[in-house]
Each structure stands twice: as structure tokens, then as C-alpha cells.
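*Asks:* Following is a predicted model, sequence given first.
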Amino acid sequence: MELHELTIKQASEKLARKEISSVELTQAHLSRIKQLEPKLHAFLYVAEREALDGAKRADQLIAEDENFLLTGIPYAVKDNILVSGMKTTAASKILENFVAPYEATVIKRLGGIGSVVLGKTNLDEFALGSSTENSAFGPTFNPYDTTKVPGGSSGGSAAAVASGEAIFALGTDTGGSIRQPASFCGVVGLKPTFGRVSRYGLVGIGSSLDQAGVLGKTVEDAFLVLQQMAGKDESDSTCLPKELPDYSKFLDRGVKGLKVGLPKEYFAEGIEPEVKKLVEAAAKKLQEQGAEISEMSMSNASLPLATYHLILPVEISSNLSRYDGIRYGLSAAGENLSEVYYKSRSSGFGSESKRRIMIGTYASSAGYFDAYYKKAKQVQTLIKQEFIDAFTKYDLLLTPTTPTTAFSIGEKAADPLAMYLADILTVAANISGVPAISIPAGLSQGLPVGVQLIAAHFREEILLQAGHALEKALNFKLEPNL
Amino acid sequence: MEYEPVIGLEVHVQLKTESKMFCRSKNAEADGPNEHICEVCTGQPGVLPVINREAIKKTIMAGLALNCEIAEYSKFDRKNYFYPDLPKGYQISQFDQPINGKGYMEITINGEVRRIGVTRAHLEEDAGKLVHPPGQNYSLVDFNRSGVPLLEIVGEPDIRSPEEARIYLQELQNLMRYLGVSDADMEKGHLRCDANISLRKSEVGSRKSELPDYKVEVKNMNSFKAVADALSYEIKRQGKILDEGEVPEMETRGWVEDKGITVSQRSKEESQDYRYFPDPDLPVMHFTKEWIEEIRRLLPELPQARKLRFIAEFALSETDAKTLVSYKELADYFEEVVSEFDEWLAAEHIKFDKADHGAHTRLAANWLLGQFLALLNQRKLLPKESKVTQENFAELIKLIGEGKVSQLAAKDVFAKMFATGEDPSNLLESMGLAQVSDEETLEKAVKKVISENPKGVADVKANPKAVGFLIGQIMKELGGRGNPQIINELLKKELDL
């Protein structure tokens, strides 16, 4: 097996047994990046020097037995997460030259000096999009078919893991931005409960929806990372002091007796037949392992997307106000203050960011606030309650992650509404705050299909239990032909 | 025509806390710009606010002292607008669920107690400060102040004169100092005031409760005097417009200190939509009754209670007590002088009855509010910054009480004490001002003056009120150091008055 094919688990064992060094492992990934980047453009910045420095320190720690599981494992970071001293652009012109002055909590938790950050991955500008085509620095291409999009907004992270450029990658998920690209690129994508992982150091867009998560090669890998980065953070008051379970204890628990609901609304119109077939086959596999599968109904399933497109833009319109050309980032000269604002923001933001800022400004204006934002928050309560109720009867919900496989580059770029629909099966988890994971279910005409598992608030371990069992039962290894 | 002013004040008070409202940066004076800053209070990408518990506590303390209803649930909202001193493009403030709701403060004006309503007192973060270097085509931003906790006290339009506004502000300042929640120094910007003012006809039988259908906001007043002056100016300006049958424009005006006028800054029609919405980065706050009661128990003695205590414990007049407590540092100093005095009594095993003790504490208050306060004001010093220690002050009161120095001579002694910080008994010696109370010496002088001034004696016999001349002569004989009380008694005895 080549080094770039290793999972965290495998690489970590080899490092611990000193069969390989972190420098070797890192070099293997850097050369993989060099080889594939012309085709994929998963990275906005490749941190060769920083990664090798980190790898050397990791080897030192390993030699001194001061390592932990992730020490020396090279990973990639979505470019809306701040890594101190590295540029953080959020794929926007307005932050093109912005160097992070501090470290995001998740980065700190992943290893401090022994951490090996390979670079910063591409995304839709400010994580607004579902294809990574909204990046101000050009799109990322799907490793399974470079005429297709990798999904988004964490498209760079998904493509990097799928292609073996990184062992795992960090992403952010506000409406499906980890799970949807994971599904398109055939990797595992985990979005934890809102409040499980600190948001400190994530370029915020939807403060009540944003959540950092993991894109990995296996369910187990995703949880090895979650174990490290989750938990209470003094710098984020929305990150809750819930006890963090020892996930390793849940890995092999199996699914015997687990009640799994298949919400019929998530298998209805608009789902490609082949996607439906593969997802149902996955459900069947769980049943064979002893899970109790039953169809059920989530009657509010049509509401999350509309709710999302009111709550998110209002929060965006406020959160993106700080990019004003005054303190950092792109600043255009003007005759007066208004002109500086106008020119900096006009030339700095891409069209999707502007669209959301305008929608959000409108929906939060005096006279409209009650009809839009306030109403949306009320509907959010309904949606959340329906999930809470469902999880009194079911341990898990199982749905397709996306209605289709990866679409073609340019196909939906001119039609924002069609693009918004790509998130239709993933947004509910953000609106209700519950954890969800996308796991590869197979290939449809050469393109990966993902199955989504959803659990109750702070019950990520059930996703691990069921996800790992599903992987074992499906027993295939996806690999793009690059 | 006669008009009655309708005035409401919005007062911003910077809270005194270790760190800023939502981050770990210091809340303190800085030597230079941008010293107390971090990624949070400069609005870097990805930062999140965390609520400063101390600021919440101090806000509730202020709310309790202002008799406000304290909310059970409260939250922070974002007030969205662009300005270079506002790093996030929004200010974290409170919109519809302020920590402190309706309350009031009582002030005394011309002996009449007036209750000024408080609409709300909410917590928010301060903005940075713009610096405009003269002659340059750029401005600079200093974020030291950015994120400092700011208590905004919105007052009801209950104020009826510039003088009332001034008293209200001073009382508010004093209250904040008593609570220890702010230094509330207007010159340093710890306390800032905007005013809303309009006029209505003051006719007999007019419906007093009706507010005028316009109001003018006045900003940029940086002292108590500026507030009173600006309001007086507005009363004249608006009165003239109303006299002409017009209605003053709804607008924001700025006070121009050196010209003594207000000028239009922005019309109300251009008023901004701040698009308030709950800050999703912060949790809703829940204040339990128990916690609020705990804070209430921790409240220090407030001016009103202290005044009553001063009257009861130190036999002060209502006026003296009120004046003292309205200047917290002076009242503190006074209590320290009294306690030094009591220590001396204890050390010398002297037992005063209540009347005697009261006479001395009253004497101390008189000296504090008289010469001491005048000298402090002249030098712009706080009581504690003067060279007169509380111990020396108490000693002077003791010396006056024992008759060892006349009130008159004590004035010179005190002036010297204030200048040099010397001990009063030493000064009495060195200045030769120790009072003569020795009866033998005094009697000799009295007899001598009587024998040398037959006309004066005759005058006094005809009219006992004319005794002043003889006393003056006796004092002259004693170099001004005779104890006037004893001299008076001796003289009366000698002349059989």
C-alpha cells in the first residue's frame, strides 16, 4: 500500500511503530499534491515548508513518546479556518492577502506543534455554494470526473481526501457543506451537533448554523479527529460543556436493535433512481446487521431549505460587515468614506456573497424583520421539535445525502435556485442542530453516492456505531481513477 | 410666550471592569493607541464574543440602585451600521430585552424632591475612537476603547430645566461612584450625555402629560456645564421658532463649546435602520431571583442612606449631610477624620456625650465643607490628594474644641497645613497662635483694659451689646490669642453684667 492511501488509523500505527516517519508521510502527500493539483485545484495554498517543519517536530515528539494519535498525520484545512501565520482567504478577493493573526480552536486542539497542516483547501467564497465554483480563485474538480464539480462548499477538502492528497481534512458545514461534497467525492463527511465543536476561528457566516467537522477516508478516522477537536471552549459561548464520550468504545458495538427511520419525504420526487437504489441497499445492509428499519414521516421536510435561506442571509449580512476595507483585506481608495466602503465591498465580494448580503439585509430591515427572520426562527423551532420527537422513537434516521450525484461544472452556476436545491437533504440537520454523517454507499455511473445518517443532539456515537457497521457490511473501497 | 422645556437624557457610563465586555483585552487607560486590543475587539475574521460576568453584575447593581425592574431573561442584539470605529460593522447592544427595565432616580431641586424616570438601562460595547491628524488627508483609528462595557441609561422626558438636568447628571455620577461601577469622569469620557429636548406651552390648565410632537437631540456635550448651557441655548432657540408659529425641525444638533451654540448635524428623516437582531453568537441570559438578591445584598451604602446616617450618627444638618454625601470622596474623608477623632478620644479615655460628640463632628463637617473644599476646588485636588492627613485634620478639630486655638487663628493654621502638610500643634507653636485660656493671664488683661477705658465701660453699662469694643481691646492686649469665650465671661463678671 502506498503512503497516500493510508487511513489515520493505519498511518498512526506505522508512525508509532516507527515503520515510517512523519516527514516521509508528509513528503508522500506533498508529492501527491504536486502531481494532482494541476488536475484538481483542491488547494488554495500548499504549506510545504510549514508542513515539513511540523513533520520534523512530530517525529521528535514520537521519538520522545510524547505523541498522541494524530501527531504527525498530515491534513488539509478548509481556507475559512484560521491557521496562525497562514493566509486565510475564505476564497474571497476581499481577504486575498489576509494572514491569520491567531489560531482557530480546532487547529490548536489538533496538535499544536506536532501538527502537520499541508495547506488550505478551496471552497465557495465564504462557504456560500454547493459546487466550489463560487471560489474567487477558480473551481476545484471532482477526482472521479474532472468535468464534474466536487460539491461544496468544502469541495477542496473533499477532493483532497478522495484523491489521497491529504489523510483527512477539516471542513465547515452550515447547510451541508461537509456532507454534500463528501457524498460527491466518495469520502466520509461528519457534521457534529451544533455546539459540539468550537467555532472560534471559523470565518463565520451563519453563526447559529456553522459547525466545523471532518472529511475522512473512514467513519473511524472521522471520529478519531472529532475526539480531539470537540468539547467546551472558553472562547465560544455557543460551544456547550457536554461530556465527550470515548468514541473508541462505540466503534464495534454494531447496530443490533437500533431503530432506524427512513423518512419517506427524503426519498420522494427529485431523487435519482440509482441514488435511491444505493441508499435503500445501504439500509438493507443495516437491517441484515440487526437494525430495525422502518419507513416513517418527517412532515416538515419541505420547510428547512426555505427557513435556511432566511436565517442564513440575515446572519451573513451582519457577519460579512466587518470586511469593510478599513483594517485588513482588500481596501479600495475613495474620495470619501462611503466610497471606500462601496468600492472595497463591490470589488471584494463575489456575486453569491452579494446576493446573500442583499437578501439578508432586506429580510432584517424594519418592517420585514417580523415577516421573514422572526417567522423563520419560529419555523426553525418547529423543525427542531420534529427531530426531537422523531428521536424519541428512532435512534437514527437514514436518507440520501444528495438527490443526485455530482453535476457538471457550469451546469447550475447560472441558476442559484437550482444550486440551492443541492442542499435540500442536508440543511435540516443544520436548522435543527443535530449531528449527521455522509458515508459512501457506492458508485452510480462512476460517480459516488452518499448515504446520510442523522442522530439526536449530542449522540454522535450512534453515527459512529452505525456508520462503522455499514462500512464493514458494504465492504468496498472507492478509489478515483487519477 | 412662556414655554416649559421637556428634557430626557441618554447617559452612557463606561463600566470599570478588569477586561473588556466580550474579550480578554484590558479595560484600562493606555499610554498610546491600540495597546489594549486583541483579535476580538478589532473584529478579525472568525472571532466570537464571550460575555463578561463582572459587567453584567455591575449593570444589575446600577439597575438596582436606579430602582429598575431587573429582567429575568435578557439577551444581546446586533445593531448594524458601518463606521470605521466599529470593527465588526455591528455593535453588540440590547434591543428589546434590556437587563434593566423601568426605574427612577430622585433628585432634590430647590428643596423639592423630583422623581426622574428611567426608561431602561442596558449594556453594550463601546466603539473605538477616530483620530484626525490636522492637515492630513487620512484618519486613524484607536481601538483601545473598542469593546469596553458601556451602560446606557435612557431617561424619561421628566426633566424640566437645564439646572435639573445638571443635578440629575451629577447625582447619577455620584451614584455610579458609590456603586464602584464606574469612575464616571465626564472629562475622560467615562460618562457621556446626549439630550432630547422640546418645548411646550406652559399655560394654566394645559394637559401637562402631553409631549410635544417634535424633539431635538443634542450631542457633543462634554461637561455638566456644557449640558446646562446647551439646553439653555436650545430653549431660547426653539422658543423663538415657536414664537414665530413654526415647529422646530426634528434633528440631531451638536453643541459647539467655544461658540456657545448648537448646530445641525443630521435630520431625523435620514435616520438609519439598524436592523437589530439577536446576536446568534451569544446565549440568552437568565438571571435567577437568588442571584439578583445576592447582588442586592452586596450593594454598598448609597447616598440617600448615607445622608440619613450622617444626620443620625454625626448630628449634621440635612444640608451639610446632603452636600457631603453628594461628593463621595469628601464624605469618605469626613468619616476617616471622625474615626481618627474617636480614636483620640478612646486613647485619652475621654467620654463624650452625644451632644458633645455631635458638636465636634459638626465642627469637622463645617471645616471640610468650608475652607478645605474651597482649597481643594482651587487646586483641583481630590480630598485624598491634599497634604492634610485625616489624623492632622482630626487633631485640629480637637485643638479647636479644647479652646487651644481660636477659629480665626485656626484658619491660618489650616492654610499652612494645606500648603505643607505639617502637624497642627507644631504649627500653633511655630506660628505663635496657641490660644491663651489661662484665667490668671486673662483676668489681668481684663482688669487692665477696664481701668484704662472708663468710657468703654460706661458704654457697656448703658448698652450691654456694645461689649465688642472692650473685648477687642483685651484681645489686642493678648496679641489676638485670648480665648474669646472666657474673656466674655470674665468681663461680664467684672462689670456685673
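*Replies:* Perfect, I can see it now. Residues are numbered from 1 along each chain as shown, chains lettered A, B, ... in the order given.
*Asks:* Show me the residue of chain B that gets nearest to chain A, please.
*Replies:* Nearest to chain A in chain B, going by CB to the nearest CB, is B:Gly89, at a distance of 2.4 Å. Glycine gets a C-beta too; all of them are placed from N, C-alpha and C.
*Asks:* Would you mind measuring from the closest residue to that residue other than its chain neighbours to A:Leu25?
*Replies:* Once flanking residues are discounted, B:Gly89 sits nearest to A:Ser321: 2.4 Å by CB to CB, 6 or more residues apart in numbering or on different chains. Distance, A:Ser321 to A:Leu25, using CB to CB, to the nearest Å: 42 Å.
*Asks:* what does the domain assignment say about the chain?
*Replies:* Picking chain A for this. A:3-258+A:396-474, A:303-375 (automatic domain parsing).
*Asks:* hmm, I had chain B in mind actually
*Replies:* According to automatic domain parsing, the ranges for chain B are B:3-296, B:301-431, B:439-494.
*Asks:* returning to that earlier point: higher neighbour count, A:Ser321 and A:Leu25?
*Replies:* A:Leu25 (25 against 22; other CB atoms under 10 Å in any protein chain shown).
*Asks:* you'd agree that one is up against A:Glu2?
*Replies:* No: using CB atoms under 8 Å as the test, A:Leu25 is too far from A:Glu2 to be in contact (11.0 Å).
*Asks:* Can you name the residues of the stretch 251-400 of chain A that neighbour chain B?
*Replies:* A:314-315, A:317-318, A:320-324, A:326-328, A:337, A:341, A:361, A:364-366, A:369, A:373 (CB under 8 Å from any CB of the partner chain).
*Asks:* Following element in sequence after the longest strand anywhere in chain B, please.
*Replies:* When chain B is parsed with DSSP state E, its longest strand is strand B:112-125. Sequence order places strand B:129-131 as the next helix or strand after strand B:112-125, per DSSP states H and E.
*Asks:* Pull up the pairing partners for that next one, direction included.
*Replies:* strand B:140-142 (antiparallel) (DSSP bridges).
*Asks:* Tell me the buried residues in the partner strand?
*Replies:* B:141-142 (16 or more other CB atoms under 10 Å in any protein chain shown).
*Asks:* can you list contacts of stretch B:74-86?
*Replies:* With CB atoms under 8 Å, 6 or more residues apart in numbering or on different chains as the test, stretch B:74-86 has contacts from A:317-318, A:321, A:324, A:326, A:337, A:341, A:364, B:51, B:89-99, B:123-124, B:127-130, B:139, B:141, B:146, B:272, B:274-279, B:282, B:284-285, B:287.
*Asks:* Keep only those of those that are in helices.
*Replies:* Counted as lying in helices by DSSP state H, out of the contacts of stretch B:74-86, are A:317-318, A:337, A:341.
*Asks:* For those residues, please prepare TSV with the additional fields neighbour count.
*Replies:* Converted to TSV, the ones in helices among the contacts of stretch B:74-86 look like this (neighbours: other CB atoms under 10 Å in any protein chain shown):
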residue	neighbour count
A:Ser317	24
A:Ser318	25
A:Leu337	15
A:Tyr341	21
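*Asks:* Where does confidence bottom out across those residues?
*Replies:* Note: of the ones in helices among the contacts of stretch B:74-86, the lowest pLDDT belongs to A:Leu337, at 93.
*Asks:* Distance of the nearest residue to it once chain neighbours are set aside relative to A:Leu330?
*Replies:* Leaving aside its chain neighbours, A:Leu337 sits nearest to B:Pro84 (6.9 Å; criterion: CB to CB, 6+ apart). As for B:Pro84, its distance to A:Leu330 is 16 Å (criterion: CB to CB).
*Asks:* List the buried residues of the strand or helix carrying B:Ala409.
*Replies:* Under the criterion of DSSP H and E, B:Ala409 resides in helix B:407-420. Buried residues in helix B:407-420, counted by 16+ other CB under 10 Å: B:409-410, B:413-414, B:416-418.
*Asks:* Setting aside sequence neighbours, what's the nearest residue to the residue nearest to the spatial centre of chain B?
*Replies:* With distances taken as CA atoms, centre = their mean, the residue of chain B nearest its centroid is B:Asn174 (4.3 Å). Computed as CB to CB, 6+ apart, the closest residue to B:Asn174 that is not its neighbour in sequence is B:Ser326, at 5.5 Å.
*Asks:* What's the first helix or strand after the one helix or strand B:Ser339 maps to?
*Replies:* Using DSSP H and E, B:Ser339 maps to helix B:328-347. Using DSSP H and E, the helix or strand that follows helix B:328-347 in sequence is helix B:354-367.
*Asks:* circling back: deepest of the domains of chain A, which one?
*Replies:* Comparing the domains of chain A by mean neighbour count (mean count of other CB atoms under 10 Å in any protein chain shown), domain A:3-258+A:396-474 comes out on top with a mean of 23.
*Asks:* Quick one: distance of that one to the chain centre.
*Replies:* Mean C-alpha position of domain A:3-258+A:396-474 versus that of the full chain (CA atoms, centre = their mean, to the nearest Å) differs by 5 Å.
*Asks:* could you dump the helix-or-strand element of chain A with minimal mean pLDDT to CSV, C-alpha only?
*Replies:* For chain A, counting by mean pLDDT, DSSP states H and E, helix A:416-420 ranks last in confidence among helices and strands (a mean of 86). Extracted C-alpha coordinates of helix A:416-420, given in CSV (Å, rounded to 0.1, in the frame of the first residue of the first chain):
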residue,chain,number,x,y,z
PRO,A,416,-28.9,30.0,-7.9
LEU,A,417,-32.2,28.3,-7.1
ALA,A,418,-31.2,25.0,-8.7
MET,A,419,-27.9,25.3,-6.8
TYR,A,420,-29.7,25.9,-3.5
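*Asks:* what packs against that helix?
*Replies:* On a contact count with 3 or more CB pairs under 8 Å, 6 or more residues apart in numbering or on different chains; DSSP states H and E, helix A:416-420 meets no helix or strand.
*Asks:* can you list contacts of that helix?
*Replies:* With CB under 8 Å, 6+ apart as the criterion, helix A:416-420 contacts A:129-131, A:305, A:309, A:352, A:355, A:412-413.
*Asks:* What of stretch B:385-401?
*Replies:* With CB under 8 Å, 6+ apart, stretch B:385-401 has contacts from B:333, B:336-341, B:343-344, B:359-360, B:363-364, B:367-368, B:372, B:375-376, B:379, B:405, B:407, B:410, B:413-414, B:417-425, B:428.
*Asks:* Return the members of the residues you listed classed as buried.
*Replies:* Here, 16+ other CB under 10 Å leaves B:333, B:336-338, B:340-341, B:360, B:363-364, B:367-368, B:372, B:375-376, B:405, B:410, B:413-414, B:417-418, B:422, B:424-425, B:428 buried among the contacts of stretch B:385-401.
*Asks:* That'll do, ta.
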